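> Take a look and give me a structure for this.
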Amino acid sequence: MDYFSLKTAVGESKKRFEGRKVREAGQSSFESAALSFGKEDNVLLSIAPSRPGLFILQEKPSFEGISSPFAEILAARIRGSTLASIFMPESGERIVFFNFRSGWPEKAGEEVSLVLEVMGRHSNLALLEEGRIVQPLKSVPAEKSPRRPFLPGTRWEPPPPRPGIPPEKIKAADLLEMHDPSNPDAAETLVRIVKGLSPFTAKQVLLRAGGGEPPAIAHAIRDMLHSADGKDGWLFSPRTGSKVRLCPFEPLLREEKEGTVKSFEPFSAASSAWLDTDPAGPGKPLDENTRLAEDLGRIEKRLQSILSLLDAEKARCQDHEEVRRKAQALLISASRIGQGTPSASLPDPIEPEKMLTIDLDPSISPARNADRLFNVARRLKRGLEGVSKRRIDMEKKLGIVVAAREALLEREDPGPALALFQSGSQTLPKDRETSFKAYKGPGRKHTFGGFTILVGKNAADNERVTFQAARPEDLWLHARDYPGSHVVIISQKKKVPEAVVRHAASLAVENSGARKDTAPEIMVAERKWVRKLKGAAPGKVTVQRFRTIRVRKNDAGKKSQG
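Modelled structure (predicted):
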């Protein structure tokens, strides 16, 4: 979204949502969060590099299957609160603030904010309290952004100002250098002069100005800006006598008949429809490139989290020299300190003018305390070396993942991503926290809500899924009275949420003869109650104990998120 589009969406959001209570809040994908105010009143806040911005949706997004610190904190702090205000703090900058008042009586007066930064692949979203970041959707460590780290506990600072003049302040004198109407680069020049203008909107400005003098261009910018009030998805061009798009919703605004433009009222209809053209939009199946990008985004986020932990450990280990000095000071003065002393203040052996405060274990002698500190110093020094090596390893992995993801998003080239997943540990060193190996077991692997779900591909594969991959305590699902895939939820001896069971049930419907049934019955049983029929063909089983659930037709066919 450019500045014009975002301002339009913010204007309509103010009218529709200010003063209303948030019914539900959470992550709808790894690169977006959503606020639900009612059945047809929902706001999607996207930081996806290919489509960042604020979108007003007619359909409620799904909050299931996304588990992260951001999702948990957002739901805990925003759900039930009232949206007090929504605004853009600076003209020409694509930053939006959402301020909320607590809905709980015991927390009356407490305020929390969401800040959305729309900056292409650098877009981000964060929950703020008293000017500090409580939790970002995407953490950015200091090593990656020295001037502006984006981490919990850091004070939120606005991004560096973009070059150009805000659209509200543009004057004809500012546009003199691009006066030549025949200049083929006039739109690019306009983008450089006017802050927050996209190339597409710049072309619409020039079209509206009709190739006139700078005053006509400045007037067109002001007219377009004033009309960004959320009423329409298009403008009327006096020059051509046709409707002109105000904002860059290119894929949908053209009707089937070439040369005409589709009208959207209110503007949110254009916003929602434009988002729905994305295969990764709400309720849409993911294409292979989008799925790969989400997998890489999830891995990138995990690697960044590991790097943050390593940074904290590195800071702790860097104290090894100070601990060694304390041990030396204590050893030098051990004879003058009586046993049972809880602490001592002694001169630094290297810098005598500096005093060191040393906590002691009163139950042992000062000499033994010194030995303990020497051991701690040695462990910290070894730990620092190990952390440094591990950090280099993690940065290497992160660099490969980021490069593969950028190739997907910017060049639509899946080659590096496919090579990364197929090569596994050959491309990336083995690591306890992350595994990049492609799944090669029985069935098709899905993930939902933190659980692995396996779906049999055929009769022989059904048997492998049920009797090889599944353990006795895992859940087994099958469409009752229909031929189809065996579906298994790997529970790892944990209670499986009903949302995960229903998602697996929709997979059972989708991969069976029940897919045309309006409300098919799905059997759910622990795998230990599933028995193979003696002498029967592969995949033929009997189930001794089970319960059934019904899946509505519109619930089936939803793809998994992993």
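
> And Pro483, what's its pLDDT?
Pro483 is assigned 90 on the pLDDT scale.

> quick one, what contacts it?
Residues in contact with Pro483 (C-beta atoms under 8 Å, 6 or more residues apart in numbering) are 512-513. For the C-beta atoms, the positions are set from N, CA and C on the backbone; glycine is no exception.

> So what's the residue count around Ala315?
Residues lying near Ala315 (other C-beta atoms under 10 Å) number 11.

> What residues of the helix or strand containing it count as buried?
Here Ala315 sits within helix 288-317, counting by DSSP states H and E. Using 16 or more other C-beta atoms under 10 Å as the test for burial, helix 288-317 gives 289-301, 303-304, 306-308, 310-311, 313-314, 317.

> Please compute how far it lies from its chain's middle.
Put simply, helix 288-317 sits 12 Å off its chain's centre (C-alpha atoms, centre = their mean, to the nearest Å).

> Which residue is the nearest non-sequential neighbour of Val402?
Glu300 (6.2 Å; C-beta to C-beta, 6 or more residues apart in numbering).

> my read: that neighbour touches Arg405, true?
Yes - if you go by C-beta atoms under 8 Å, Glu300 and Arg405 touch, sitting 6.5 Å apart.

> The helix holding Ala315: what's the following helix or strand?
Heading C-terminal from helix 288-317 (DSSP H and E), you reach helix 320-332.

> Give me the contact list for that next one.
337, 344, 346-350, 356, 358, 360, 366-367, 369-371, 373-374, 376-378, 380-381, 384.

> mean confidence for the one helix or strand Phe4 maps to?
Using DSSP H and E, Phe4 falls within helix 3-17. Averaged across helix 3-17, the pLDDT comes to 86.

> Check which residues of it are buried.
3-13, 16-17.

> Only alpha carbons, please: show the next helix-or-strand element following it as CSV.
Once helix 3-17 ends, the next helix or strand along the chain (criterion: DSSP H and E) is strand 24-29. Extracted in CSV, the C-alpha atoms of strand 24-29 (Å, rounded to 0.1, in the frame of the first residue of the first chain):
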residue,chain,number,x,y,z
GLU,A,24,-11.1,-11.3,19.0
ALA,A,25,-7.4,-10.6,18.3
GLY,A,26,-4.6,-12.8,17.2
GLN,A,27,-2.2,-13.8,14.4
SER,A,28,-3.9,-15.0,11.2
SER,A,29,-0.6,-16.0,9.6
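
> mean confidence for strand 24-29?
86.

> which residues touch that strand?
Under the contact criterion C-beta under 8 Å, 6+ apart, strand 24-29 has outside partners 33-36, 44, 48, 60-63, 66, 68, 70-71, 74-75, 78-79, 137, 280, 282, 294, 561.

> quick check: mean pLDDT across stretch 100-119?
Rounded mean pLDDT across stretch 100-119 is 79.

> One more: stretch 322-329?
On average, stretch 322-329 scores 90.

> Okay, buried residues for that stretch please.
Buried residues in stretch 322-329, counted by 16+ other C-beta under 10 Å: 323-329.

> By mean pLDDT, flag the weakest helix or strand of this protein.
helix 250-253 (a mean of 39; mean pLDDT, DSSP states H and E).

> count of residues packed around Leu346?
Close neighbours of Leu346, defined as other C-beta under 10 Å, add up to 18.

> right, and it touches Met355 too?
Yes - if you go by C-beta under 8 Å, Leu346 and Met355 touch, sitting 7.0 Å apart.

> how about the residue nearest to Phe150 when sequence neighbours are not counted, what does it touch?
Distances taken as C-beta to C-beta, 6+ apart place Val140 nearest to Phe150, at 3.8 Å, with adjacent residues excluded. Contacts for Val140 were tallied using C-beta under 8 Å, 6+ apart; they are 124, 148-151, 304.

> hey, where'd the helices end up in the stretch 351-500 of the chain?
Along the stretch 351-500 of the chain, counting by DSSP state H, counting those that start in this stretch, helices occupy 366-411, 415-423, 459-464, 498-510.

> which of the ones you listed has the lowest average pLDDT?
Among the helices of the stretch 351-500 of the chain, helix 415-423 carries the lowest mean pLDDT, a mean of 67.

> Please report how far Ala126 lies from Glu321.
Using C-beta to C-beta, to the nearest Å, Ala126 is found at 36 Å from Glu321.

> The two: who's more crowded?
Legend: neighbour count by other C-beta under 10 Å for Ala126 and Glu321, higher for Ala126 (23 against 13).

> For my notes, confirm that one occurs in a strand.
Yes - if the criterion is DSSP: H, G, I helix; E, B strand; the rest coil, then Ala126 is within a strand.

> ok, the residue nearest to it when sequence neighbours are not counted to Ile78 distance?
Among residues not flanking Ala126 along the chain, Pro136 sits closest, at 4.3 Å (C-beta to C-beta, 6+ apart). As for Pro136, its distance to Ile78 is 15 Å (criterion: C-beta to C-beta).

> just Ser335 next, same as before
Taken as C-beta to C-beta, the span from Ser335 to Ile78 is 62 Å.

> Comparing these two, which shows the higher neighbour count?
The neighbour comparison of Ser335 against Ile78 (other C-beta under 10 Å) goes to Ile78, with 22 against 9.

> give me the number of residues near the nearest residue to Asp461 once chain neighbours are set aside?
Nearest non-adjacent residue to Asp461, counting by C-beta to C-beta, 6+ apart: Pro442, 5.5 Å away. Neighbours of Pro442 under the rule other C-beta under 10 Å: 23.

> Below-threshold pLDDT in the stretch 451-562 of the chain: ranges please.
Across the stretch 451-562 of the chain, the ranges flagged by pLDDT under 70 are 553-562.

> same thing with the stretch 101-250 of the chain?
Within the stretch 101-250 of the chain, the stretches with pLDDT under 70 are 103-109, 179-182, 200, 211, 227-250.

> Torsion angles phi and psi at Arg545?
With angles defined as degrees, to the nearest 10, Arg545 sits at phi -130, psi 130.

> what's the answer for the one 5 residues further on, then?
Its backbone dihedrals place Arg550 at phi -110, psi 140, with angles given as degrees, to the nearest 10.

> any idea how far Ala508 is from it?
Arg550 is 12 Å from Ala508, by C-beta to C-beta.

> Overlap of the contact sets of the two?
Ile522.

> Look up the closest residue to Ser68, ignoring the ones flanking it.
Of all residues beyond its chain neighbours, the one nearest Ser68 is Gln27 (6.3 Å), with distances taken as C-beta to C-beta, 6+ apart.

> How many residues are close by that neighbour?
A total of 24 residues lie near Gln27 under the criterion other C-beta under 10 Å.

> now do the one 3 residues further on
By the measure other C-beta under 10 Å, the count of residues near Phe30 is 23.

> How about it: what's its closest non-neighbour residue?
Gly297 (5.0 Å).

> distance of that neighbour from Lys389?
Where Lys389 is concerned, Gly297 sits at a distance of 26 Å (C-beta to C-beta).
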